[in-house]
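Visitor: give me a model of this one.
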Amino acid sequence: MKTLLISRRYLPDMTLGQAFMDNFECWTMERPWLGNEPFKSCVPEGVYFANRIKDSSKTNGRETFELENVEGRTDIQIHPGNFVDETEGCILPGQPPQVIQGKYGVPSSSNTFDELMKFLDGVDRIKVIIRKH
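Guide: Numbering: from 1, shown residues only. This is a model prediction of the structure:
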């Protein structure tokens, strides 16, 4: 089983991470840690499994991966988005953070997401480990 390791740093307005899986590497952006409050907080640290899902509304109908058994939360997915306000608690993949259109974000999120999904072609289930850097 492939494992995605997300090593992250907590900031007041966002959570930034670096994600690694075999030869794939990217940055991630999530909401800040707010006690696991649904729609407002990043995913708690831990070990999860994620399943491939089809037709996600968060990815405009594209396939993605959704984490299972996130305590107190549902619909936690990996999906494109450049800014923290483009997620309600999901994980946004992208390139090294920078200022984009006057806001801090992870650029090239859609392309990075597509690269991740291509890397996981034929894989229906992965392990996701989220930890503090």
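Visitor: going forward, measure contacts and count neighbours with C-alpha atoms only.
Guide: Will do.
Visitor: how about Thr3, nearest residue that isn't a chain neighbour?
Guide: Lys127 (4.6 Å; Cα to Cα, 6 or more residues apart in numbering).
Visitor: listing request: residues of this structure with sub-threshold pLDDT.
Guide: The chain contains residues with pLDDT under 70 at 56, 58-59.
Visitor: can you show me the helices along it?
Guide: 109-119 (DSSP state H).
Visitor: show me where it has strands.
Guide: Assigned by DSSP state E, the strands in the chain fall at 3-10, 15-21, 24-30, 46-53, 64-68, 77-78, 92-94, 98-100, 103-105, 125-132.
Visitor: tabulate those (a markdown table), appending distance to Glu37 and mean neighbour count.
Guide: Shown next, in a markdown table, are these (distance: least, Cα to Cα, whole Å; neighbours: other Cα atoms under 10 Å):
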| stretch | distance to Glu37 | mean neighbour count |
| --- | --- | --- |
| strand 3-10 | 15 | 19 |
| strand 15-21 | 14 | 21 |
| strand 24-30 | 13 | 23 |
| strand 46-53 | 16 | 16 |
| strand 64-68 | 16 | 22 |
| strand 77-78 | 16 | 24 |
| strand 92-94 | 18 | 29 |
| strand 98-100 | 26 | 12 |
| strand 103-105 | 22 | 17 |
| strand 125-132 | 17 | 17 |
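Visitor: so who does the residue lying farthest from the centre of the chain touch?
Guide: Most distant from the centre of the chain: Gly102, at 22.2 Å, with distances by Cα atoms, centre = their mean. Going by Cα atoms under 8 Å, 6 or more residues apart in numbering, Gly102 touches no other residue.
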